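# predicted model and sequence below, questions to follow.
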Protein chains: 2
Amino acid sequence: MENMNLSKHISGQFTAELDDIRNRVLAMGGLVERQLEQAIDALSALDAELAQQVIAGDHKVNGMEVSIDEECTRIIAKRQPAASDLRLIIAISKTIADLERIGDACVRIAKAALDKRLNNQQPLLVSVENMGRHATRILHATLDALARMDADAALALHKEDAKLDREYEGIIRQLMTYMMEDPRSIPDILDVLWAARAVERVGDRCKNICEYIIYYVKGKDVRHTSYEEMEKDMQS
Amino acid sequence: MENMNLSKHISGQFTAELDDIRNRVLAMGGLVERQLEQAIDALSALDAELAQQVIAGDHKVNGMEVSIDEECTRIIAKRQPAASDLRLIIAISKTIADLERIGDACVRIAKAALDKRLNNQQPLLVSVENMGRHATRILHATLDALARMDADAALALHKEDAKLDREYEGIIRQLMTYMMEDPRSIPDILDVLWAARAVERVGDRCKNICEYIIYYVKGKDVRHTSYEEMEKDMQS
């Protein structure tokens, strides 16, 4: 009887630990989402103060990655999880690496916002802002799917990233035209190009996180497989 | 007696399994190193055939990542490793993710090699080739440090990446001058820019792998810490 209680207690503690890291990942995701929103705000308004705030805030994102990663290792060593518990921890430890890199992308976007001469490139800034808002929505939906561990939503988001890629290609073409028309503006336009590239990478990171969600729910590693194959995997 | 033999046998098997994933990571590293060499060769000679070979070879890199990752998960679930064994598996599972991304960088470099008009940009190609050879040496040394789990070598390599970053900045400046002088060449020069960017990212990935080596050897997560802090950590 005592033993049973003990084992219940241990497993209850284990569940609490898993809940705790899930909550911490979602908190980290919320922080990264705010960073992205503010980075895009800073770029579209060329608000240097806000940009500096985003740049300064990145260390919090980094700190969260390291501490959640430590906790994942501690749980693996202590609890020796198997099956879906282990998949959850692995999915989380991969997710935080991608969230941290989205944080880095926010810093790169914020750095472009420090270039005051971009005031002469308003149409370009509007294009990148639109793309940035799109990426923010994708990140928000990805974090939602993560909170609910919703593999169907994750699969749908995978497709959404392709749209962001096309938007990005359009912006690159636009950037090239502007550079060719006014070669003196090339250094400034390259700043916009790095920002656009960073936004595009946010979509890729979200796609990765969606793959971890599917891995957790379905127990299948769907990286490097096509959308059609993934869809088939999901039905099985 | 039988029990002791059994436990010896199990632990011997476990050691063999760990050796096996270490060897597989090194084999994957060797493949990625060849991909990088050939991608740089293809770019400097604008050899489309070799470039296509690199692009086609990437699926092997991806496949190795997925299969090693599966094996890591299987070992964690089956062997319930702790302490340095667990750190080894974690270091390996992170390393293969970075190796896979170096593989993606090779594809990006190879894609630039398909642009025949780059024939008119020989000086730029030479700069990127030099930088690419530098990155290849860094990757080679990183894989060496990984094979020997040499934390001192890993720390030294961390510093080498800063040199590659400076080389990259120089190339970007050179690219901007060329674009401003001949705006019609902008689309081609952007292809070189993406290749240079991909080479720079190879250095970042190597730096990550070096951090995992230090994590394994010293049991300390040194990500997001400065070189000076890392040096101090290494002495303790």
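That came in fine, so what should we check first?
# show me which helix or strand of chain A is least confident by mean pLDDT.
Within chain A, confidence by mean pLDDT, DSSP states H and E is lowest for helix A:227-235 among all helices and strands, at a mean of 78.
# show me what that one is packed up against.
If contacts are counted by 3 or more CB pairs under 8 Å, 6 or more residues apart in numbering or on different chains; DSSP states H and E, helix A:227-235 sits against helix A:151-181, helix A:186-218. The C-beta positions use only the backbone N, C-alpha and C, and glycine is treated the same way.
# can you tell me how far residue A:35 sits from residue A:131?
As defined by CB to CB, to the nearest Å, residue A:35 lies at a distance of 17 Å from residue A:131.
# one more: residue A:119?
Counting by CB to CB - residue A:119 and residue A:131 are separated by 19 Å.
# neighbour count winner among the two?
residue A:131 (22 against 10; other CB atoms under 10 Å in any protein chain shown).
# what helix or strand is that one located in?
helix A:122-148 (DSSP states H and E).
# leaving out the residues flanking it, which one is nearest to residue A:167?
Using CB to CB, 6 or more residues apart in numbering or on different chains and skipping residues adjacent in sequence, the residue nearest residue A:167 is residue A:131, 4.9 Å away.
# what of residue A:204?
Spatially, and ignoring its direct neighbours in sequence, residue A:204 is nearest to residue A:161 (6.8 Å; CB to CB, 6+ apart).
# was I right about that neighbour contacting residue A:206?
Yes - using CB atoms under 8 Å, residue A:161 is in contact with residue A:206, at 6.5 Å.
# so what sits against both of the two?
Jointly contacting residue A:161 and residue A:206 under the rule CB atoms under 8 Å, 6 or more residues apart in numbering or on different chains are residue A:138.
# number of residues surrounding residue A:75?
Residues lying near residue A:75 (other CB under 10 Å) number 21.
# mind listing what it touches?
So residue A:75 contacts A:14, A:17-18, A:21, A:81, A:89 (CB under 8 Å, 6+ apart).
# low-scoring stretches of chain A, by residue?
Low-confidence segments of chain A (pLDDT under 70): A:1-10, A:236.
# residues from it in reach of chain B?
A:59, A:62-63, A:65-66, A:69-70, A:73, A:76-77, A:80-83, A:86-87, A:90, A:94, A:97, A:172, A:176, A:179-180, A:183-184, A:186-187, A:190, A:221, A:223-224 (CB under 8 Å from any CB of the partner chain).
# give me the buried entries from those.
By neighbour count, with 16 or more other CB atoms under 10 Å in any protein chain shown, the residues of chain A next to chain B hold A:65-66, A:69, A:73, A:76-77, A:81, A:86-87, A:90, A:94, A:97, A:176, A:179, A:183, A:186, A:190, A:221, A:223 as buried.
# how far off helix A:186-218 does the lengthiest helix in chain A point, in degrees?
Using DSSP state H to define each element, chain A has its longest helix at helix A:2-45. Calculated by axes from the mean of the first three to the mean of the last three CA atoms, to 10 degrees, helix A:2-45 forms an angle of 160 degrees with helix A:186-218.
# what angle separates helix A:2-45 from helix A:122-148?
Calculated by the same axes, to 10 degrees, helix A:2-45 forms an angle of 170 degrees with helix A:122-148.
# next SSE after helix A:2-45?
helix A:48-79.
# quick one, what contacts the residue nearest to residue A:167?
Going by CB under 8 Å, 6+ apart, residue A:131 touches A:164, A:167-168, A:171, A:196, A:199-200.
# likewise residue A:184?
residue B:180.
# hang on, the earlier thing: could you list the buried residues of the least confident helix or strand of chain A?
For helix A:227-235, burial by neighbour count (16+ other CB under 10 Å) applies to A:230, A:233-234.
# just send those residues back as CSV, with distance to residue B:156 too.
CSV is the format used below for those (distance: CB to CB, whole Å):
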residue, distance to residue B:156
A:230, 42
A:233, 44
A:234, 46
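# now for residue A:95: which residues touch it?
The neighbourhood of residue A:95, defined by CB under 8 Å, 6+ apart, consists of A:25, A:146, A:209, A:212.
# excluding chain neighbours, give the residue nearest to the last one in space.
Okay, so that is residue A:212. Sequence neighbours aside, residue A:91 is the residue nearest to residue A:212 in space, at 4.1 Å (criterion: CB to CB, 6+ apart).
# now the angle from the helix or strand that neighbour falls within to helix A:2-45?
Using DSSP H and E, residue A:91 maps to helix A:83-112. Here helix A:83-112 runs at an angle of 20 degrees relative to helix A:2-45 (the same axes, to 10 degrees).
# deepest in the core, which of the helices and strands packed on helix A:227-235 is it.
helix A:186-218 (a mean of 22; mean count of other CB atoms under 10 Å in any protein chain shown).
# so which bits of the helix holding residue A:91 are buried?
Across helix A:83-112, burial judged by 16+ other CB under 10 Å covers A:85-112.
# what of stretch A:28-35?
Across stretch A:28-35, burial judged by 16+ other CB under 10 Å covers A:28-29, A:31-33, A:35.
# got it, and stretch A:35-46?
A:35-44, A:46.
# one more: stretch A:124-138?
For stretch A:124-138, by 16+ other CB under 10 Å, it's A:124-125, A:127-129, A:131-132, A:134-136, A:138.
# now it: how far from the chain's centre is it?
15 Å (CA atoms, centre = their mean, to the nearest Å).
# so residue A:217 is in contact with residue A:146, correct?
No - at 10.8 Å, residue A:217 does not count as touching residue A:146 under the criterion of CB under 8 Å.
# who are the neighbours in contact with the residue nearest to residue A:41 when sequence neighbours are not counted?
Distance criterion CB to CB, 6+ apart; nearest residue to residue A:41, sequence neighbours excluded, is residue A:50 at 6.1 Å. Neighbouring residues of residue A:50 by CB under 8 Å, 6+ apart: A:38, A:41-42, A:110, A:113.
# from those residues, which is closest to chain B?
residue A:110 (17.4 Å; CB to the nearest CB).
# how far is stretch A:68-79 from where the chain is centred?
22 Å.
# now the closest residue to residue A:109 other than its chain neighbours: how far from residue A:192?
For residue A:109, ignoring the flanking residues on the chain, the nearest one in space by CB to CB, 6+ apart is residue A:39 at 4.0 Å. Using CB to CB, residue A:39 is found at 13 Å from residue A:192.
# show me the contacts for the nearest residue to residue A:105 once chain neighbours are set aside.
Distances taken as CB to CB, 6+ apart place residue A:198 nearest to residue A:105, at 4.0 Å, with adjacent residues excluded. Counting by CB under 8 Å, 6+ apart, residue A:198 touches A:105-106, A:108-109.
# quick check, nearest of those to residue B:55?
Among those, residue A:105 lies closest to residue B:55 (CB to CB), at 25.5 Å.
# need the contact list for that closest one.
Contacts for residue A:105 (CB under 8 Å, 6+ apart) come out as A:36, A:198-199, A:201-202, A:205.
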